[in-house]
Each structure stands twice: as structure tokens, then as C-alpha cells.
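S.K.: this one's sequence-less:
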């Protein structure tokens, strides 16, 4: 009886996956740093009232920056580190939902929504495609 042959390694993921995650990582680090170091910047740019508690905005910036570190780590092996992409996609879906709820209630001005495009919406499709590819690879494993 012959010993079982090891399963062949899955093919490496397409390069675009690593590039997307690296871009998301750099974007989040820069956006997060801007919120931490210049907490009034985005409010002034959007012609919105300045926050009463800028430290809370800075905390959000810190969280966004930490996501950036995660995306940079996931970029090294996107299909293996799919949970980081999943958590990121969840945030990028729930963030706009929260914004929409706040805007409908009048708690946030509609003009603040332009940030949703670059912070969230542009990442939905590539993150979802990475997760689908990771699922296909996991299903193909014995």
C-alpha cells in the first residue's frame, strides 16, 4: 500500500488581490492618520460643524488605521487571511448603513456622504471577490 500523496497546493491568488489589499491598507493608514492628527480637517472640508469631542473622531481614525495594518498583513496572502478581509467588508457595509440612518434622522448632513464612496463603496466588489475566491479554495481542500 502506498502512502497517500499530499494534496497539491492551491495556485497562488491573482496579484490584483494583494494589490487591492495593499492599497486599502495604505488608504486606511493615511485616512486614519489624518483623522488622528487633524481631527477638524474632514469637517472643515465638508463644511460641517466641528465635532464637540474631537478625541472620539481621533479614536475612529485610530480604528481605521488599525484596519489598514490588517489589510497590509492580509495582502501577503489574501486567501489565507480572508477573515481580515471579511471584517473589513463588514465594516464597509455597516458604516454606510449607519451613515444613511444618521442622515435620514438629520444627525449628519447629506454632504458628509461623499466620504462613503472612497472609504467604503469602492472596496465592496474587490473584497467580496477575494472572499469568494477564498471560499472556493477552502471547498477544494480535502
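M.R.: In hand now; what should we look at? All of these numbers come straight from a predicted model, not from anything done at the bench.

S.K.: Now do residue 25: how many residues are near it, please.
M.R.: If you count neighbours by other CB atoms under 10 Å, residue 25 ends up with 22. Heads up, the C-betas are built off the backbone N, CA and C, glycines and all.

S.K.: Can you name the residues that contact it?
M.R.: 68-72, 75 (CB atoms under 8 Å, 6 or more residues apart in numbering).

S.K.: swap in residue 39?
M.R.: 51, 54-55, 57-58, 61.

S.K.: Domain ranges for this protein, per the record?
M.R.: The record's domain split for the chain, according to automatic domain parsing, is 29-76, 79-142.

S.K.: Dump those to a markdown table, plus distance to residue 21 and mean pLDDT.
M.R.: Shown next, in a markdown table, are the domains of the chain (distance: least, CB to CB, whole Å; pLDDT from 0 to 100):
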| stretch | distance to residue 21 | mean pLDDT |
| --- | --- | --- |
| domain 29-76 | 4 | 94 |
| domain 79-142 | 7 | 94 |
